[in-house]
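Undergrad: Here is a sequence with its predicted model. Questions after.
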Amino acid sequence: MSHQSETRTLEEVLPEGQPRLLRALSAKTGTALIIGAIIGSGIFMVPSSVASQVGSPALSMMVWICAGLLALAGALCFAELGAAIPHSGGTYAFLKRAYRSDVVAYFFGWTMLFIIITGAMGAVASAFARYAGGLFAIEDMWTERFVAVGCILFLTVMNSLGIKVGGWFQNVFAFIKVGAVLAVIGAGFFFAQGTEVSWTPVVQDQTGSALLGGFSLAMLGALFAYNGWFFVTFVSGEVKHPQRNIPRAIFCGLAIVMTVYILANIVYLYVLSFEELKMSRRVAADTMAILVGPSGAIAISAFIMLTSFGTVNAQLMAAPRVYYAMSGHGLFFRIFQYVHPRFRTPIVSIVLQGVWASVFALTGTYVQLIGFTAFFTYVFLTLAVIGLMILRKKEPELHRPYRTWGYPVTPVMFLLISTGVLVNAFIIDYTRPLVGLAILAVGLPFYIYWKRQQQTNPMAG
C-alpha cells in the first residue's frame, strides 16, 4: 500500500453520507478530560504499594517526582503530535503516520481494547467498589466486584448518549477530583500534628538488584497514577480548534495534577508512619481518619468513589475513538465505525469497551491490573515518541503549531527512562507481559485478514 493511502485521514475513507463525530469540545473540557483521566484511584491507592516496593520515604517521593517528570516529557511530545495530527484515535493516528505502515498502529488499538484501557477501567472501577465497600460495609468480594461492573455499565450508557453528555460529566467530576485531593492536602497542613519522616538514609530496606527491581515496579504503579495525560488526543476529531486547544489542555491538566500529587504524598508521609503507609489499603481514608476522625474518613471515601467514577467516564469518553478510527481504515470489524445518527457517538465501540472492561473488573484485583496495563501503555507511548522523532526527520514540512520544548533532549530523556523502567519491570515480573504478548498474537490473524480485505477494496484503508 502506498504512503499516501497509509496517511489518508479518517474523514477521507469513511463512506459518504455516514454521520460524523462533532467538534464540540472546548479547551476547558479537554483540560477536564486530562484531569479526569489522571486523577482517579491512583493517588488514593498506589502510594502504599510504592512505599512497599522501595522501602524508604525518600525513595517513595523520588518515584512520584520521577514519574511526574517522565509524564511531563511525554506530554510535551504529545502536545506537538496532537496539534500537528488532530485526528480521532490519538496515538493510533500518530503511529500510523510516523511508521508509514499500519501494523504498529493496529497493534496499539488491539492492545488498547483487550489490555490497556479495559484493564485500567477494571482497576479504577475496582477502586470505586473498594471505597464503596468501606462506606457501605460491603464485605463480600463478589458483591464488591459487581458494584465495579455496575459503575462501568452505567457510564457506558451515559457516554453512548452523546459527547456533550460525557463532557458534562467530565467537567463536573474534574472539579470534584481536584477538590478531593485538595481536601486531603488542606487537612494535612492545617490539622496534622505530624510524624517524624526519616528521609535518611535514602536506601533502607533493599539494595542492589532488589532495589532496582522494586523501583521499576513502583514507577509502573506511579505511572499508572499519572496515566491519562494523552487522553485528549483520542478525541482530537471532536475538539474545537485542536491545534491550539490540545496543547493547552495537556499542559494545564498535567500541571494541576503534578502539583496536587506531590503535595498529597507529602501529607501521607507526614500524617502516617511509613509502616502504616505501606500497609494501608485506603491511604486517603486512613489519613483523614487520623486528621479529622471517622467523619473525615467517610467523607473522603465518598469523594474517592466519585473521582474513580469520573475516571471511568474519561476512559469511556476517549478510548472508543481509537476503535472507531481503526474500523474506518479497514483494520477492525466494520460495525465499529458506526456512529449513532442522533447521539453522534461511536456507540458500538463504547459498548464493547464497557463489556470487556466489566470482565476485567470481575476477574482481577487492583494491583494486578495496574501492573498489567501500565506496562503496555508505556510500550506504545515509547513507540509514539520515537514516531515524533521520525516525523521530524521525514516530514519537516508538516505544519506544527506547537513544537516540543527542549527537543531533542526531552524525547530522548523520555525514551531512556521509560525503556529502562520497562526492561527492569519485565525482568522482575515477566508473566504479565507474556500474557499480553499472547493477546497480541491473537490479533495477528485478524490483521492479516483485514489487510487482505484492504487489497481487494483499496478505498477501505
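TA: Thanks, I have it.

Undergrad: Please enumerate the helices of the stretch 251-400 of the chain.
TA: Ranges of helices within the stretch 251-400 of the chain are 274-279, 283-292, 294-318, 320-328, 347-363, 366-394, based on DSSP state H, counting those that start in this stretch.

Undergrad: Tell me which of these lies nearest to Ser52.
TA: The closest of those to Ser52 is helix 274-279. By C-beta to C-beta, the value is 4.6 Å. Where C-beta positions appear, they are placed from N, C-alpha and C, glycine not excepted.

Undergrad: so where's the chain uncertain?
TA: 1-22, 41, 194-195, 198, 200-210, 364-372, 457-461 (pLDDT under 70).

Undergrad: picking that back up, most tightly packed of the helices of the stretch 251-400 of the chain?
TA: helix 320-328 (a mean of 28; mean count of other C-beta atoms under 10 Å).

Undergrad: As TSV, the helices of the stretch 251-400 of the chain with distance to Gln53 would be great.
TA: Shown next, in TSV, are the helices of the stretch 251-400 of the chain (distance: least, C-beta to C-beta, whole Å):
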stretch	distance to Gln53
helix 274-279	9
helix 283-292	14
helix 294-318	22
helix 320-328	31
helix 347-363	23
helix 366-394	10
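
Undergrad: Just tell me which of the ones you listed ends up closest to Gly133.
TA: Checked against C-beta to C-beta, the stretch from those lying closest is helix 294-318, at 9.4 Å.

Undergrad: angle of that closest one against helix 283-292?
TA: 150 degrees (axes from the mean of the first three to the mean of the last three C-alpha atoms, to 10 degrees).

Undergrad: Which strands and helices lie in contact with helix 294-318?
TA: Helix 294-318 sits against helix 27-38, helix 117-136, helix 141-160, helix 163-191, helix 283-292, helix 347-363, with contacts defined as 3 or more C-beta pairs under 8 Å, 6 or more residues apart in numbering; DSSP states H and E.

Undergrad: for the helix or strand harbouring Ala79, which positions count as buried?
TA: Ala79 belongs to helix 57-84 when assigned by DSSP states H and E. By neighbour count on 16 or more other C-beta atoms under 10 Å, the buried set for helix 57-84 is 57-64, 66-68, 70-84.

Undergrad: And for Phe128, nearest residue in space, chain neighbours not counted?
TA: Excluding the flanking residues, the one nearest Phe128 by C-beta to C-beta, 6 or more residues apart in numbering is Ser308, at 3.8 Å.

Undergrad: What separation is there between that neighbour and Phe375?
TA: 21 Å (C-beta to C-beta, to the nearest Å).

Undergrad: Same check on Gly119?
TA: Gly119 is 10 Å from Phe375, by C-beta to C-beta.

Undergrad: cool, Leu254 as well?
TA: Distance from Leu254 to Phe375, by C-beta to C-beta: 21 Å.

Undergrad: Same question for Pro396.
TA: 33 Å.

Undergrad: one step back: out of the helices of the stretch 251-400 of the chain, flag the one nearest Gln243.
TA: Nearest of the helices of the stretch 251-400 of the chain (C-beta to C-beta): helix 366-394, 15.6 Å.

Undergrad: Give the next helix or strand downstream of the closest one.
TA: helix 409-428.

Undergrad: Can you name every helix or strand that that following helix contacts?
TA: helix 57-84, helix 208-226, helix 366-394.

Undergrad: Could you dump those into JSON lines and include distance to Gly179?
TA: As requested, those are arranged in JSON lines below (distance: least, C-beta to C-beta, whole Å):
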{"stretch": "helix 57-84", "distance to Gly179": "21"}
{"stretch": "helix 208-226", "distance to Gly179": "18"}
{"stretch": "helix 366-394", "distance to Gly179": "23"}
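
Undergrad: and of those, who's closest to Ala174?
TA: Across the helices and strands packed on helix 409-428, closest to Ala174 is helix 208-226 (C-beta to C-beta), at 15.7 Å.

Undergrad: ok, and what's touching that closest one?
TA: Under the criterion C-beta atoms under 8 Å, 6 or more residues apart in numbering, residues 38, 42-43, 46, 49-50, 53-55, 59-60, 63-64, 66-68, 70-71, 120, 123, 203, 206, 257-258, 261, 367, 370-371, 373-375, 377-378, 420-421, 424-425, 427-429 lie in contact with helix 208-226.
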